[in-house]
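J.: Provide a 3D model corresponding to the input given below.
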Amino acid sequence: MIETDKAVVRCCGISALVSSYTLLFNPADLDQYRDIQRSLKSIRNSIYQGKTIRVITGAVPNLANHKPYFESVSSITVTQDGVPFYLVQGVDFNYPAYRQGVLGEIYKRWYNIPQWLPMTGCPFCERYCGQVRCP
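T.: Numbers count the residues shown, from 1 in each chain. Predicted coordinates for the structure are as follows:
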């Protein structure tokens, strides 16, 4: 398990390594979002603003997927029991860009509930826009 500033970051389906701290960066991870939705409800991603974060993946990373959310990104390879793992180290996390890019896409895909449907609560919307339903 890789920890940086108490954040374990998930990428490319390594869900066995996920603790209660989870961030998504790879667009492919959005398809797996429902699987880790519970842990995302307990996180305030804004606390990582300006911090260095390491993303672990079992596949060679595409640094372009991470670049919009950091000042700089680099790749590190680690071998464990003969199996290579790849780390993307992102320096100076840009939460506003992450909120607009990743969380905005999650909102569009799963939480853009029609106004005519009643809502009594939505933990994602309450964290994303501060209301039960985002305008």
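J.: for the chain, which helix is longest?
T.: helix 123-128 (DSSP state H).
J.: What distance do you get for Thr77 to Ile56?
T.: Look at Thr77 and Ile56: by Cβ to Cβ, to the nearest Å, they are 11 Å apart. Every C-beta, even on glycine, is put in place using the N, C-alpha and C of the backbone.
J.: hang on, the earlier thing: and the longest helix of the chain, C-alpha only, in CSV?
T.: Extracted in CSV, the C-alpha atoms of helix 123-128 (Å, rounded to 0.1, in the frame of the first residue of the first chain):
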residue,chain,number,x,y,z
PRO,A,123,-24.1,12.8,-0.1
PHE,A,124,-22.3,13.5,-3.3
CYS,A,125,-24.2,16.6,-4.2
GLU,A,126,-24.0,17.9,-0.6
ARG,A,127,-20.2,17.7,-0.9
TYR,A,128,-20.0,18.8,-4.5
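J.: Could I get the buried residue list for that helix?
T.: Buried residues in helix 123-128, counted by 16 or more other Cβ atoms under 10 Å: Phe124, Cys125, Arg127, Tyr128.
J.: biggest separation within those residues, which pair?
T.: Cys125 and Arg127 (7.4 Å; Cβ to Cβ).
J.: where does Glu71 land in three-state SS?
T.: Each residue gets one of three states, and Glu71 gets strand by DSSP: H, G, I helix; E, B strand; the rest coil.
J.: Report how many residues lie close to it.
T.: The number of residues packed near Glu71 is 12, by other Cβ atoms under 10 Å.
J.: circling back: joint contacts of Thr77 and Ile56?
T.: In terms of Cβ atoms under 8 Å, 6 or more residues apart in numbering, Thr77 and Ile56 are both contacted by the residues Phe85, Tyr86, Leu87.
J.: Top of the residues you listed by number of neighbours, please.
T.: If you rank those by neighbour count (other Cβ under 10 Å), Leu87 sits at the top with 19 neighbours.
J.: Great, nothing more from me.
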